[in-house]
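Chemist: what shape does this take:
(chains A and B)
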Amino acid sequence: MKILSYKTNSFAGIKNRSYEFIEGTNLLLGPNEAGKSTIIDGIFHTIFTPAKLRKNLKKDTDFIDKYFPQGSDTIDGYLVMEIGGRRIMIEKIWSKSDQSRERLTLEDGSVISGEEAIRKKIKDLMVFGQATYKYLNFSSHGDPRDSLYSITASGAVQKDISAYLTRAVMDLDGLSLDKLEAGIDKAMNDLGARWDFDRDYPQNNRGIDNKYKNGLGKIISAFYAREDLDREIREGIKKEDELQAISGDLRTWEKSLEEAKNFKAKYEDLGEDLRKRESLDKDLALLAKEEEDLKKAIFTMPQLEADLKTLKRDLEDLTKKKEALKKRLDYIGKRDERLQVESVVKSYKDLEKDKKKIQEGLKKLMALDPKDFKKLEELEKSIDLERLRLEAGAINLDLDIEGDIDLVLKDAMGKDLDKKSKTSYFSLEAPGLFTLKVGLADVDFGEKRKLIEEKTDQVKKILEKNKVQNKEDFAEKLRKKMNLEEDLGVLNRNLEMILKGRDPKDLEKSLEDLKAYVEDYSKDQTMTDLESLQEEISNLTKDQVEKDYFFNQLKEKYGSQEDIYRKVGEKSMAKEKAILALEKLAKLPEGFKDYDDFFNKKAQRDKTFEEASTRVLDLKTAQARAIVDLPPRTVEEMKLDYKDYDESFKAYKKKYHDLVLIKDAFVKTKEEMAGSPRQSLEESFRKYIDIITGSSIKLDSYKDRLRISNQTGDLSYIHLSKGSKDSLALALRLALIENLFKGPSFLALDDILNDMDQERKTQAIGLLKDFAKTNQIIFTSFNKDLAEDLNAIVIEV
Amino acid sequence: MLKLVHISDLHIGKVFDKYPGPIKEALQAARIGTLEKIIDFANTNPSSLLVIVGDLFDRVNIPTSLIMETTRTLRAYHGLVLVLPGNHDFSSSSQGLWQTFKDNSGENTLVLDDYRPYDLKEYGVDAVIYPCHCQSKHSEENALGWIAPGLVDQARVNIGLAHGALEGISPDLQGQYFTMEKSELTSLPMDLWLLGHTHVPYPLSGENPGERIFNAGVHEPDGMNYRHKGSFFYIGIDKEGIQSQRIESGTYRFEDRYDRVEDLEAYLKTIDEGYENTLLRLNLSGRLDEDDYKARRDMYKKLADKVFYLDVRDDDLTLRLSPDLISEKFVHGSFPEKMLLKLKDEKDALQLAYELIEESR
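Modeler: So this is what the prediction gives:
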């Protein structure tokens, strides 16, 4: 990047000037006040200052004051630059009126107009912002020098040259890091002093009851102000409420007092009359009551006498009815007895008939002997056993008879056998010819046959004795006999139960005696009738007793009818006398139920009057005090103010929060920059220091401190000569440009060699010549000898 | 025709504590100053009554000197002054504020603190007044209850006075301010209802033929929540009808503006004139160019000279800061550039950090 030409018709003190610049070093040569620095300013402003100026902006009015010649309305600047190998032309006309305009022409001939578009395009082309150029390329040499000074003067420990450079970079822009940090801390302290942000409350719980007095931040001050006002509002509301309550009570009591006063005024004098009237009223009421009782007695006593007679008669009738019902109950008893005896006799007769029938049946079965039946069972069992024995072994008989022979084939018991049989014994007899007996050898068929025949005979005898056909018949008849005997037992027991030891003949005689009781009266109905009658009798009796008592009472109290009539007359006269007395007294006013009501209300009102008088007095005093106690402005007005207080409090907290973010960004940026590698910058810086000081000043680390030293020993930056400081500053500035732009750049230098001694100047010139090999330098000076030293072209100003 | 001037809510004694001394004093003085102007009007135009429908005073603990200054001012009226205690200066027994007021009032002043008809015949005015004054600061019930229609002689001109919120017209969300419904008022046989309490007048505009209900509104604005000019009603009434006119009376005005601004200079030019008696609160938001932003306080200062009282709240008015602008303003790779870019998403913090950096240069 380099400046190719600059032209102006008017800019500050220079008019109609046009300059061409070359690569390498350009020496703007002229005496003091010739406008050398103005040209540098003109170049800078042509690039960076918008054409439109505002009179209300200090920056612009300063610009006008500094660069507009007296009476001039416009100034201008035309600049041709090369950036990245491409040419651009910037044209600016600044005007106090509305004649301002600006234009940017690119290499391809395209034109950009408008402040914002031009600013943006220049930024794009030049990569860095205005400030970068201002401080590095255009600045007066004092800035980097001051920067280095402030680092040293701050007393901060710079352990090595890298840290030193880091601070140098940090403090570029004319910013003092320490001042910024102090500024942030101060702003935080101004807001947050005495405020506990974790608890969002004053530190150490120092609320409005225990306020901090000194060292308050804005947050706590705003909090106290808001809380004080809030308390004032609450107090105000409380006091207004108290006043409202007192006023309400006062109105109520004043009303009560008024009513009590009115009552008093209206009814005060009635009291005595009403007392007398009350007494007379009572007498009158008593007399009236007595008179009424007497009059009642005149009618009541004869009526009672008549009633008592009727009652007596009715009771006699009812007693007779009661006796009749009792007799009917006796009759019903006899009738029920007759029905019972009749039933017993009938049952007895029926049972006797059944008994006779059973006895006849038993008579027919008299011969049956149960022992014989048992014996018969044993015999038949024995016969069956023997027969089984006879038939236990067996042979097959197959008799085949040829011819006409009369043969008789029988078994062991002499019964006929088939010609083909299975038997243990058989006999074959050819009558008259032979008899063949064949049997099993171990059985005595003859003896067995004999035994069976004997037992069969005994069976027959038993059957004959008991007159039965066989064993089954015997068993059947024996069971029948037992059943009849059992039935007879049951009958006998039933008879005993019915008779209950009575003689049937006696029963029949009783029946004869009771046969007249045949009417079918209901026992239940008779009982109900009797109970009802008894109740009626009781009621009448009670009534009779009461009336009798009442009658006797009246008689005792009033005496005879004549006596009563006389007493009625007396009471009537007494009444008239009382009424006459009443007419002279004031009446009970309307609205009162009775004298009690009047006197109660009066007493109540008297009490109210006393109490209300006291209360009204007290409440008036309290009200006056409450009014005096009211805050000097209304709650409504304070509430509106509270909103503002609250907003301030919240705004301060928000601002503090922003400051926390800022402090964080500050710390992080500092850490980040402190940790950035500065090797390349350090190398450049060392290189330029070496060149500019001819290696006479060394920067190294000693005992953890940056050490500046020369041949005579350690040096302090503060104590370096101005020339040495300028040398270091120049070295820093060149190192920064070299590191930042990474390519050819330009540097405007306002004669920096003046304060250097010859040796230092020679070295600085060498340095600049070296720098100018790859960059453009515009150097201002009144010393034309420098042109040769710097190998510069001379531009006369 | 009976002519009267209807005012209310003068709030004499209001403190205006949040304003600086001279402003506060001017606002306090205007409460009575504007009353004097209204009395001048009433004296130079035909009128028999000056009716003050509540809140003549801001509270019940008013300094005696101020009460006396008020009575002195009211004495200047040529007609009859009717004063109804409102909820701020409620009638509290026969002592304190109203006793002092009565003790110092002229014969032309009548405090209407009884619930009874006031026949003004004895004062030479053919009308009957039905006052519904307040006996407390807050009440869920209005004070109309005492007027029985049977009490009213409909052949006379009957005028009801009541202090309290009018439903549908004034906000009384909790119903604590003697709220009245229009139907309640119209159901009573009054020819005219004169109300107080709501600071905005009713009707606000127009001639309103047939209207029988009037709410005076404040004679002099008293805060940022009141944006109109102060005013009063000048009313003529007979049995034939009512004529009304709302006449502006306020000395000062309050204006609470919320504006979004991009060009501060151009914006401030729009409020360059006519604000000599205005308490102007500007709630500004928007983003400004650095030049404008830096110059804003100077601009406010210039404006303040032309405005009675200026309160600018510009916390939301910020510098138009962008990463581009930051890079433009600071050396590339420098501390402030790096630090500010870290805060680019925190609008307020970025702004503040920028200002701190500028202060540190």
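Chemist: now do the helices in the stretch 101-250 of chain B.
Modeler: B:182-187 (DSSP state H, counting those that start in this stretch).
Chemist: contact residues of it facing chain A?
Modeler: B:135-138, B:223-225 (C-beta under 8 Å from any C-beta of the partner chain). C-beta here means a position set from N, CA and C on the backbone, and glycine is covered the same way.
Chemist: contacting residues for the residue in the stretch 351-500 of chain A that chain B sits nearest to?
Modeler: Per C-beta to the nearest C-beta, A:M497 is where the stretch 351-500 of chain A lies closest to chain B, at 99.2 Å. By C-beta atoms under 8 Å, 6 or more residues apart in numbering or on different chains, A:M497 lies in contact with nothing.
Chemist: who are the contact partners of A:N739?
Modeler: Taking C-beta under 8 Å, 6+ apart as the criterion, A:N739 is in contact with A:680-681, A:684.
Chemist: now B:P85: closest residue in space, sequence neighbours ignored.
Modeler: In space, and not counting its chain neighbours, B:P85 is closest to B:S91: 4.0 Å by C-beta to C-beta, 6 or more residues apart in numbering or on different chains.
Chemist: cool, and A:I691?
Modeler: In this structure, A:I691 finds its nearest non-sequential neighbour in A:L767, 4.6 Å apart by C-beta to C-beta, 6+ apart.
Chemist: show me what contacts that neighbour?
Modeler: A:L767 touches A:688, A:691-692, A:730-731, A:734, counting by C-beta under 8 Å, 6+ apart.
Chemist: what of A:Q99?
Modeler: A:73-74, A:93.
Chemist: which of those fall within helices?
Modeler: The members of those all map outside helices under DSSP state H.
Chemist: ranges for the helices of the stretch 501-650 of chain A?
Modeler: Along the stretch 501-650 of chain A, counting by DSSP H, counting those that start in this stretch, helices occupy A:504-514, A:523-558, A:561-583, A:595-629, A:635-674.
Chemist: mind checking which helix or strand of the chain has the lowest mean pLDDT?
Modeler: Reading this off chain A. Sorting the helices and strands of chain A by mean pLDDT, DSSP states H and E puts helix A:142-153 at the bottom, at a mean of 54.
Chemist: I was thinking of chain B, sorry if that wasn't clear
Modeler: Within chain B, no helix or strand scores below helix B:323-329, which has a mean of 82 by mean pLDDT, DSSP H and E.
Chemist: packing partners for that helix?
Modeler: In this structure, helix B:323-329 packs against helix A:115-126, helix A:130-132, helix B:335-342, with contacts taken as 3 or more C-beta pairs under 8 Å, 6 or more residues apart in numbering or on different chains; DSSP states H and E.
Chemist: for A:D293, which of those helices is the nearest?
Modeler: helix B:335-342 (114.9 Å; C-beta to C-beta).
Chemist: B:E355 should be in a strand, yeah?
Modeler: No - looking at B:E355 with DSSP: H, G, I helix; E, B strand; the rest coil, it is helix, so not inside a strand.
Chemist: confidence score at it?
Modeler: Note on B:E355: pLDDT of 88.
Chemist: state the distance from the nearest residue to B:K338 once chain neighbours are set aside to B:E328.
Modeler: Nearest residue to B:K338 in three dimensions, chain neighbours excluded: A:T669, at 4.7 Å (C-beta to C-beta, 6+ apart). From A:T669 over to B:E328 the distance is 19 Å, taken as C-beta to C-beta, to the nearest Å.
Chemist: A:A586 too?
Modeler: Taken as C-beta to C-beta, the span from A:A586 to B:E328 is 108 Å.
Chemist: ok so, going back, what residues of the least confident helix or strand of chain B count as buried?
Modeler: For helix B:323-329, the neighbour count (16 or more other C-beta atoms under 10 Å in any protein chain shown) marks B:325-329 as buried.
Chemist: just give me the closest of those residues to A:E485.
Modeler: Closest to A:E485, out of all of the buried residues of helix B:323-329 and judged by C-beta to C-beta, is B:I326, at 142.2 Å.
Chemist: residues contacting that closest one?
Modeler: Neighbours of B:I326 in contact, by C-beta under 8 Å, 6+ apart: A:129, B:336-337, B:340-341, B:344.
Chemist: find the centremost residue of chain B, please.
Modeler: Per C-alpha atoms, centre = their mean, the C-alpha nearest to the average position across chain B is that of B:P221, at 3.3 Å.
Chemist: which SS class is B:D315?
Modeler: Reduced to three states by three-state DSSP, B:D315 is strand.
Chemist: give me the spatial nearest neighbour of it, chain neighbours excluded.
Modeler: Nearest residue to B:D315, sequence neighbours excluded (C-beta to C-beta, 6+ apart): A:A651, at 5.9 Å.
Chemist: which stretches of the chain have low pLDDT?
Modeler: If you meant another chain, say so; for now it's chain A. A:139-174, A:676-679, A:699-711, A:713-720 (pLDDT under 70).
Chemist: I was after chain B.
Modeler: Ranges of chain B meeting pLDDT under 70: B:93-95, B:172-173, B:206-208.
Chemist: so the longest helix along it, near chain A or not?
Modeler: The longest helix of chain B (DSSP H) is helix B:21-44. No - judged by C-beta under 8 Å from any C-beta, helix B:21-44 makes no contact with chain A; its nearest approach is 11.0 Å.
Chemist: give me the contacts around stretch A:114-125.
Modeler: A:47-48, A:50-52, A:83-84, A:88, A:90, A:102-104, A:106, A:112, A:129, B:324, B:327-328.
Chemist: quick check: the gap between B:L319 and B:K294.
Modeler: For B:L319 relative to B:K294 (C-beta to C-beta), the value is 8 Å.
Chemist: quick one: which of the two has more around it?
Modeler: More crowded of B:L319 and B:K294, by other C-beta atoms under 10 Å in any protein chain shown: B:L319, with 20 against 16.
Chemist: so the more buried one sits against B:D291, correct?
Modeler: No - using C-beta atoms under 8 Å, B:L319 is not in contact with B:D291, being 10.0 Å away.
Chemist: for residue 262, give me its contacts.
Modeler: This is for chain A. By C-beta under 8 Å, 6+ apart, no residues touch A:N262.
Chemist: not quite, I wanted chain B
Modeler: Applying C-beta under 8 Å, 6+ apart to B:E262 gives the contacts B:286-288.
Chemist: chain A versus that one, what's the distance?
Modeler: To chain A, B:E262 is 14 Å away according to C-beta to the nearest C-beta, to the nearest Å.
Chemist: how about that residue, secondary structure?
Modeler: B:E262 ends up coil, using three-state DSSP.
Chemist: what packs against the longest helix seen in chain A?
Modeler: Longest helix of chain A, by residue count under DSSP H: helix A:271-364. Here helix A:271-364 touches helix A:471-499, helix A:504-514, helix A:523-558, helix A:561-583, helix A:595-629, going by 3+ C-beta pairs under 8 Å, 6+ apart.
Chemist: adding distance to A:E33, write those helices out as TSV.
Modeler: Output for the helices and strands packed on helix A:271-364, formatted as TSV (distance: least, C-beta to C-beta, whole Å):
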stretch	distance to A:E33
helix A:471-499	171
helix A:504-514	179
helix A:523-558	151
helix A:561-583	134
helix A:595-629	77
